[in-house]
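**Student:** Build me a structure from this.
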Amino acid sequence: MSAGHGHGHGEHGGNKGVALLISVLALILAFSETLGKSAQTAALAYNIEASNLWAFFQAKTIRQTVLRTAAEQTEAYGTDAEGQKQVKKWKDTAQRYQSEPETNEGRDQLAARAKEAEKKRDRSLAAYHQYEFASAAVQIAIVLASASIIAEIIALAWIGAGLGVLGAVFCVIGFFFPTAVHLF
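**Tutor:** Sure, this is the predicted structure:
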């Protein structure tokens, strides 16, 4: 066996290791990109839901204000028995607009639902940002690992591996604890 043959075999084994590293990094990148897109889509959906609920809340507020004003105005001018019935009906409807637990569409319920949608939106956005950090770290890791083969500098592969671990950590944070780390 020649010395060159042994040296080539060692390089080949090293390149296999770096190639395996690049494959693992690509897998992590695929997860971070897929999870990131999912979180981004969910954030948009929750934002639309919150916006719709707040619009419904505002519509109920306007209706409630109109009914209360009509009742107060009618009372101010004095009314007969029939007018009193109408005033009571308006007041009851205005109160129903405030709270309708059976339909979950009173102002109180709408505000609570909108705030919950906003919380979900914020959590999804936080997860999205964690996945974006993960993707950036892993993309740089892939570049460094690839460069280590060409430049024959093993330190680049090690730095790439470290960035890959960091990317995996950001994926875990994004999935389980999206609001735990705030970088920006």
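**Student:** Give me the most central residue, the protein.
**Tutor:** The centre of the chain sits closest to residue 124, judged by C-alpha atoms, centre = their mean, with a distance of 1.2 Å.
**Student:** Spatially nearest residue to it, not counting backbone neighbours?
**Tutor:** Among residues not flanking residue 124 along the chain, residue 43 sits closest, at 3.8 Å (C-beta to C-beta, 6 or more residues apart in numbering). The way it works is simple: take the backbone N, C-alpha and C, and place the C-beta from them, glycine included.
**Student:** give me every residue that touches that neighbour.
**Tutor:** Contacts here follow C-beta atoms under 8 Å, 6 or more residues apart in numbering; on that basis residue 43 touches 121, 124, 125, 128.
**Student:** how close does it sit to residue 28?
**Tutor:** Distance, residue 43 to residue 28, by C-beta to C-beta, to the nearest Å: 22 Å.
**Student:** so where's the protein shaky on pLDDT?
**Tutor:** 1-13, 184 (pLDDT under 70).
**Student:** if we can go back for a sec, so which strand or helix has the residue nearest to residue 124?
**Tutor:** helix 3-76 (DSSP states H and E).
**Student:** After that helix, which helix or strand is next? Please name it.
**Tutor:** helix 81-98.
**Student:** ok and that next one relative to helix 3-76, angle-wise?
**Tutor:** Following axes from the mean of the first three to the mean of the last three C-alpha atoms, to 10 degrees, one obtains 170 degrees for the angle between helix 81-98 and helix 3-76.
**Student:** what helices or strands is helix 81-98 leaning on?
**Tutor:** On a contact count with 3 or more C-beta pairs under 8 Å, 6 or more residues apart in numbering; DSSP states H and E, helix 81-98 meets helix 3-76, helix 107-151.
**Student:** most packed of these?
**Tutor:** helix 107-151 (a mean of 19; mean count of other C-beta atoms under 10 Å).
**Student:** Residues contacting the next helix-or-strand element following it, please?
**Tutor:** Once the chain leaves helix 107-151, the next helix or strand it forms, by DSSP H and E, is helix 154-176. The contact list for helix 154-176 (C-beta under 8 Å, 6+ apart) reads 14, 17-18, 21, 24-25, 28-29, 31-32, 35-36, 39, 126-131, 133-138, 140-145, 147-149, 180-181.
**Student:** thinking again about what came up before, now do the helix holding residue 43 against helix 154-176, angle only.
**Tutor:** Going by the same axes, to 10 degrees, helix 3-76 makes 30 degrees with helix 154-176.
**Student:** Could you tell me the angle between helix 3-76 and helix 107-151?
**Tutor:** 170 degrees.
**Student:** How about the secondary structure of the closest residue to residue 122 other than its chain neighbours?
**Tutor:** Using C-beta to C-beta, 6+ apart and skipping the chain neighbours, the partner closest in space to residue 122 is residue 179 (7.6 Å). Using DSSP: H, G, I helix; E, B strand; the rest coil, the secondary structure recorded for residue 179 is coil.
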